[in-house]
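J.: the following block contains a protein sequence and its predicted model.
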Amino acid sequence: MRKIKSPWVGRPEYNCFGCSPSNPIGLHMEFWEDGDDIVSFWNPSKHYQGWVDTMHGGILSTLIDETCGWVVTRKMQTCGFTANLNVRFRRPISSNDTQLTIRAHIVKQVRNILTMHAQVTNSDGELCTEGEVTYFLVTPEKAQEMGFATCDLED
């Protein structure tokens, strides 16, 4: 498993809620490539709860969506936009849990539409949340206009 180097760090307009390390209220997600999967490890807290000691479903959906965005960035070497996000909440996740693991991979591609599957497991390795996410991929020219060049792994 190798860490993915963010192509956005250092850009003044980079303030993503999911992955920007400088967004003061963001999730500060980081990503690794593990074969066909993109993986993130994230530590919950009470700041992200919905019900008492329970993670908010919108935050869990964001973790899935953001990880799939990094599948696009790393595996497809371009940018994209969420076209559809379907999330299934299988079991509650405690906001006191020590670490969640989010994994996503490509299921299929039809022209510029990419479908991915993602799952969130708790620190006991139990599947808690999963999603199917569809992204619209932009052309390489549009990605370049958006400031994207390449997404590499750290040494």
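T.: Looks like it came in fine. Numbering: from 1, shown residues only.
J.: alpha carbons only for contacts and neighbour counts from here, please
T.: OK.
J.: count the residues that sit near the nearest residue to S6 once chain neighbours are set aside.
T.: Closest residue in space to S6, ignoring its immediate chain neighbours: C151 at 6.6 Å, by Cα to Cα, 6 or more residues apart in numbering. Residues lying near C151 (other Cα atoms under 10 Å) number 19.
J.: got the contact list for C151?
T.: Listed by Cα atoms under 8 Å, 6 or more residues apart in numbering, the contact set of C151 reads I4, K5, S6, P7, T73, R74, Q77.
J.: so for the last one, what's the pLDDT?
T.: Q77 carries a pLDDT value of 97.
J.: against Y135, how distant is it?
T.: 13 Å (Cα to Cα, to the nearest Å).
J.: name whatever forms a beta bridge with W32.
T.: W32 forms beta bridges with K3, V39, as assigned by DSSP bridges.
J.: got the contact list for it?
T.: M1, R2, K3, I4, I38, V39, S40.
J.: do T67 as well
T.: For T67, the contacting residues are F31, I38, V39, S40, I102, R103, A104, A118, by Cα under 8 Å, 6+ apart.
J.: count of neighbours near the fourth one?
T.: Counted by other Cα under 10 Å, the residues lying close to S40 total 22.
J.: just the fifth one next, same as before
T.: Burial measure for I102: 26 neighbouring residues, criterion other Cα under 10 Å.
J.: no more questions from me, cheers.
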